[in-house]
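1. need a 3D model of the following:
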Amino acid sequence: MLRQFALAIGESTRAHLDTGFRLGGDEFALLLASSSASQAAEVVERIRSFCARHDPLWAVGAFDFSAGIVQFEPEETAQDLLRRSDAAMYRQKETHGSPGHKRPTPLSAVPGRDAKDNALET
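-> You can find the predicted model right below:
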C-alpha cells in the first residue's frame, strides 16, 4: 500500500519541481512549489484517483488518506510548517471523516478476492 501511495505521489506531482517525502510510518509530506491551496487540493485528488485506478481496495474505500494543506508563511520554520500541516490534517479528519466519505467495503466484496482473504478483515 505504501509503495502504491509513493508511486501515486510521483505520478501526480511535477517532476523536478515538486518533492515528496516519507516522514515515517504512513506519513508523507509534499512540497509543491509555487502552488496555491486549491492547486494542492487538485494534487491530492490526483493521488487519490491514481490509487483508485490501480488498486480495487482504494476504489471501494478500504484504503484512503487525509491531507492537511497549508501554505508556507514567510519566516516560518520547517517544524512550524509541519506542525500546522499536521493540525490541518487532523481538522480534515474530524470535519469530514474519511476523505472519500465512503464506508469501507469488506475485503470479501472486492473483485478478485476470495474467502481465504476474509482473514485479513478487521
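2. what about the chain, any weak spots by pLDDT?
-> Applying pLDDT under 70 to the chain flags the ranges 96-122.
3. could you pull out the helices in it for me?
-> Applying DSSP state H to the chain gives helices spanning 2-12, 37-54, 56-59, 78-96.
4. the closest residue to A37 other than its chain neighbours: neighbour count?
-> Spatial nearest neighbour of A37, chain neighbours left out: I69 (5.3 Å); criterion: C-beta to C-beta, 6 or more residues apart in numbering. (Glycine included, C-beta is placed from N, CA and C.) I69 has 19 neighbours, counted by other C-beta atoms under 10 Å.
5. I69 and L57, how far apart?
-> Distance of I69 to L57, given as C-beta to C-beta, to the nearest Å: 25 Å.
6. repeat that for T95.
-> Noted for T95: a distance of 24 Å to L57, by C-beta to C-beta.
7. distance check, the nearest residue to V44 once chain neighbours are set aside against A29.
-> Distances taken as C-beta to C-beta, 6+ apart place A67 nearest to V44, at 4.6 Å, with adjacent residues excluded. Note on A67: its distance to A29, by C-beta to C-beta, is 10 Å.
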